[in-house]
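> here is a sequence with its predicted model. Questions after.
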Amino acid sequence: MAKFRTLDDLPADLAGKVALVRVDLNLPMKDGSASDVTRVEAVRPTILELAGRGAKVLLLAHFGRPKGRRSSTLSTSMVVGDVERVLGREVMFIPEIAGPVVAQAIGILRDGDIGLLENTRFWPGEEKNDPELAKAIAAHGDFYVNDAFSAAHRAHASTEGLARLLPAYAGRAMEAELKALDAALGKPEQPVAAVVGGAKVSTKLAVLENLVGKVQHLIIGGGMANTFLAARGVKVGKSLCEHELAASAARIMDEADHAGCTIHLPYDVVVAQEFAANPPSLRVCNVHEVADDEMILDLGPQAVEALADVLKTCRTLVWNGPLGAFETPPFEAATVALARTAAALTLEGSLTSVAGGGDTVAALAAAGVTQDFSYVSTAGGAFLEWMEGRELPGVAALIAAGGGA
């Protein structure tokens, strides 16, 4: 794996030093406070470790999309209370990201104290990765820590620019994420299976094209499977299907053949005449028996059993996207059943399982197996771009700073 520096490469005593730490505090809000603090919990170990070692910790984060303008409703001051609750520590809010106000705040903070800087995206230079803005921020820090993998696919001043100006290190959450991803697709134990689900092939074309050359088993679910079935000449009724992508699906199946990758599509499915919870027209049928007025809404029990048998032969699993319309019962059944199989295989030590993406995280939580997978990434766009095989600027900058390849 390409080398990058971690907190272990910093001196044990950081008293008198200022750490600029990029975190993800883009929290979902309800009635003025966060409805989910998972992202704060993820960066808690890094923040408390640096503070515990005596550094003054300045947190850099974006919040929403203010498009380079100040907005009272998108100030990071909105989440200070949530951050304090998760950390169990007082946090000073600093209404700038550079300049005399920040310098004054650093003078007030004692060693081991924590400050939260204003929303980095209030400054137009942030998203443009303006070197002058990066320099102005860097002037306040002795070293830089990136603990926001979810923002690593953006080449912004606070994710990429700073890593090139200051000694740069991966925080504990970033370190865990990069190690998990390397185990999943970098240098995985083979055979490797990938589950790719979701509504549309169009959003995951690049993912599928990258995976066919890297995995031995590609399991396609969700509305995407309908497009592949249609490309094979199967009539899918009024199912969600991108018929115009039949040629792309056929090309991917052809590439998989040449690469020795088996594509798994369902041969029994759960169908209904309407998309609603527990519809009266619900039935399970062979994939070749879908009526013109029916839609495929989940994989059938035989397909799930066959896929479970596939996972039992594999050593590594990468999962992105549900197998059916999992938010509407009973169309979560296939996703839940296969997730529980993957979790059981992980617990017994025969499978390394890495999952990511918003829908995926929700589906695994519904199955009650989030803790049992080897690693579950909460990063949406960054996880998807990694699955596409693209270089993530925030990660590349850390590797360059660490002297890695």
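Cool, got the structure.
> all helices for the stretch 51-200 of the chain, in order.
Ranges of helices in the stretch 51-200 of the chain, per DSSP state H, counting those that start in this stretch, are 80-87, 100-108, 124-127, 131-138, 172-181.
> okay, these in a markdown table with mean pLDDT next?
A markdown table is the format used below for these (pLDDT from 0 to 100):
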| stretch | mean pLDDT |
| --- | --- |
| helix 80-87 | 97 |
| helix 100-108 | 98 |
| helix 124-127 | 96 |
| helix 131-138 | 98 |
| helix 172-181 | 93 |
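> deepest-packed of those, please.
Greatest average neighbour count among the helices of the stretch 51-200 of the chain goes to helix 172-181 (a mean of 22), per mean count of other CB atoms under 10 Å. In this view, the C-beta of every residue, glycine as well, is placed from N, C-alpha and C.
> for that helix, give me every contacting residue.
1, 4, 6-7, 42-43, 45-46, 49, 146-149, 152, 170, 354, 374-375, 377, 379, 386, 395, 398 (CB atoms under 8 Å, 6 or more residues apart in numbering).
> which helices and strands sit right next to the helix or strand containing residue 207?
Following DSSP states H and E, one finds residue 207 within helix 205-211. Packed against helix 205-211 by the contact rule (3 or more CB pairs under 8 Å, 6 or more residues apart in numbering; DSSP states H and E) you find strand 192-196, strand 217-220, helix 246-259, helix 381-387.
> and it, what's buried?
205, 207-211 (16 or more other CB atoms under 10 Å).
> follow-up on the earlier one: and of the helices and strands packed on helix 205-211, who's closest to residue 157?
helix 381-387 (17.3 Å; CB to CB).
> what angle do the helix or strand just after the closest one and helix 172-181 make?
The helix or strand immediately downstream of helix 381-387 is helix 393-401, counting by DSSP H and E. Here the directions of helix 393-401 and helix 172-181 differ by 90 degrees (axes from the mean of the first three to the mean of the last three CA atoms, to 10 degrees).
> how does this structure divide into domains?
By the assignment in automatic domain parsing, the chain contains the domains 7-174+392-401, 188-373.
> need the helices of the stretch 51-200 of the chain in TSV with distance to residue 27, can you?
Output for those, formatted as TSV (distance: least, CB to CB, whole Å):
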stretch	distance to residue 27
helix 80-87	6
helix 100-108	22
helix 124-127	18
helix 131-138	22
helix 172-181	15
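> which one of these lies closest to residue 156?
Set against residue 156 and scored by CB to CB, the helices of the stretch 51-200 of the chain come closest in helix 124-127, at 5.3 Å.
> show me how far the closest one is from its chain's centre.
Centroid separation for helix 124-127 versus its chain: 23 Å, with CA atoms, centre = their mean, to the nearest Å.
> can you give me the helices for the stretch 201-350 of the chain?
205-211, 222-231, 246-259, 301-312, 333-347.
> I'd like the distance from the longest one to the chain centre, please.
For helix 333-347, the distance from its own C-alpha centre to the chain's C-alpha centre is 19 Å (CA atoms, centre = their mean).
> and it with helix 222-231, angle?
Using the same axes, to 10 degrees: helix 333-347 against helix 222-231 is 110 degrees.
> helix 333-347: what's the following helix or strand?
strand 352-356.
> what's in contact with that next one?
Strand 352-356 is contacted by residues 180-181, 183-184, 188-189, 315-320, 342-343, 345-346, 361, 364, 373-380, 383-384, 387 when judged by CB under 8 Å, 6+ apart.
> neighbouring strands for that strand, and are they parallel or not?
Paired neighbours of strand 352-356 in the sheet (DSSP bridges): strand 316-320 (parallel), strand 375-377 (parallel).
> for that strand, the distance to its chain's centre please.
For strand 352-356, the distance to the chain centre is 11 Å (CA atoms, centre = their mean).
> keeping just the C-alphas, turn it into PDB.
C-alpha atoms of strand 352-356 as PDB (Å, rounded to 0.1, in the frame of the first residue of the first chain):
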ATOM      1  CA  THR A 352     -13.200  -9.500   4.700                       C
ATOM      2  CA  SER A 353     -16.300  -7.300   4.100                       C
ATOM      3  CA  VAL A 354     -16.100  -3.600   3.200                       C
ATOM      4  CA  ALA A 355     -19.300  -1.600   2.500                       C
ATOM      5  CA  GLY A 356     -20.000   2.000   1.700                       C
END
